[in-house]
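Enquirer: how does the following fold in three dimensions:
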Amino acid sequence: MKILNLEQNTDAWLEARKGKITGSKLKDIVVKRGTGRKLGFYELLADRLSVGADEEDVMERGHRLEKEALEAFSSVTGLSVEQVGLCISDENENIALSPDGLIKVGKKYTGAVEVKCLSASRHLQAYFEKEIPDEYEFQKLQYFIVNPDLEKLYFCFYDPRVTVKPFFFLEVTREQVAEDVETYLEYQKNVLAEVDLLLAEIAF
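Expert: Predicted coordinates:
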């Protein structure tokens, strides 16, 4: 066993721990069921890539970097992106979406762009696993629910700190999510109908 005589919680101690599996990190790496990788694995990868500390709020970073991400998307794909404030469903005016970007072909918006500027570890996880994180499942579906003309959603990931791969996107087609789109459109309509009933009951 090798000993490093460093005072704990100093900059030197923190630097020496980077990219290493320590006792406190082990729980975030060990997979007890299946063969997948936990987020701790990608945190080790981010450390090895010398990505800086992740202290910025995710939402604030997303707002700050959204324009850069959309520019990167247009540069890579050659597609022109329009930014709008809010999209409202023709099915029900209380079903809506705030898109990061829309792509118009002819007179219809058949494409859309959603941007995520996550932590470096989650950015890398999405890249290597080629999956949109579960917490964005309904946000992804809402694009297709609100816009019946939408054929493809470009789900973009952007982190300029990951210099080897700062930008990439995953494509979602209507065909892939059609069943869930129908299910959750009806679900929202039923919820809103219930809200209307309760409002009518309580109104004078």
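Enquirer: and the helix or strand hosting residue 190, how far out from the chain middle?
Expert: In the assignment (DSSP states H and E), residue 190 maps to helix 174-202. Distance of helix 174-202 from the chain centroid (C-alpha atoms, centre = their mean, to the nearest Å) equals 24 Å.
Enquirer: so for that helix, what's the average pLDDT?
Expert: The average pLDDT within helix 174-202 is 92.
Enquirer: check which residues of it are buried.
Expert: Buried positions in helix 174-202, judged by neighbour count with 16 or more other C-beta atoms under 10 Å: 174, 177, 180, 181, 184, 185, 188. For the C-beta atoms, the positions are set from N, CA and C on the backbone; glycine is no exception.
Enquirer: and these, which is closest to residue 11?
Expert: Using C-beta to C-beta, residue 177 comes nearest to residue 11 of these, at 46.5 Å.
Enquirer: so that closest one sits right up against residue 139, yeah?
Expert: No. Using C-beta atoms under 8 Å, residue 177 is not in contact with residue 139, being 11.9 Å away.
Enquirer: which residues of the chain fall in helices?
Expert: In the chain, helices defined by DSSP state H lie at 11-17, 23-26, 39-48, 58-77, 120-129, 137-146, 174-202, listed in chain order.
Enquirer: okay, now residue 85: neighbour count?
Expert: For residue 85, the count of nearby residues is 6 (other C-beta atoms under 10 Å).
Enquirer: could you pull up the residues touching it?
Expert: residue 98 (C-beta atoms under 8 Å, 6 or more residues apart in numbering).
Enquirer: ok, it to residue 203 distance?
Expert: Noted for residue 85: a distance of 30 Å to residue 203, by C-beta to C-beta, to the nearest Å.
Enquirer: show me what contacts the spatially most central residue of the chain?
Expert: Centroid check for the chain by C-alpha atoms, centre = their mean gives residue 116 as the closest residue, at 4.2 Å. Contacts here follow C-beta under 8 Å, 6+ apart; on that basis residue 116 touches 62, 126, 133, 136, 155, 156, 157, 158.
Enquirer: still on that earlier bit, with distance to residue 94 added, can I get the helices of the chain in CSV?
Expert: As requested, these are exported to CSV (distance: least, C-beta to C-beta, whole Å):
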stretch, distance to residue 94
helix 11-17, 49
helix 23-26, 45
helix 39-48, 35
helix 58-77, 24
helix 120-129, 31
helix 137-146, 11
helix 174-202, 5
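Enquirer: to residue 95, which of these lies closest?
Expert: Short answer: helix 174-202, nearest of those by C-beta to C-beta, at 5.3 Å.
Enquirer: just to check, residue 62 is in contact with residue 115?
Expert: Yes. With contacts counted by C-beta under 8 Å, residue 62 reaches residue 115, the gap being 6.9 Å.
Enquirer: quick one: which of the two has more around it?
Expert: residue 115 (25 against 17).
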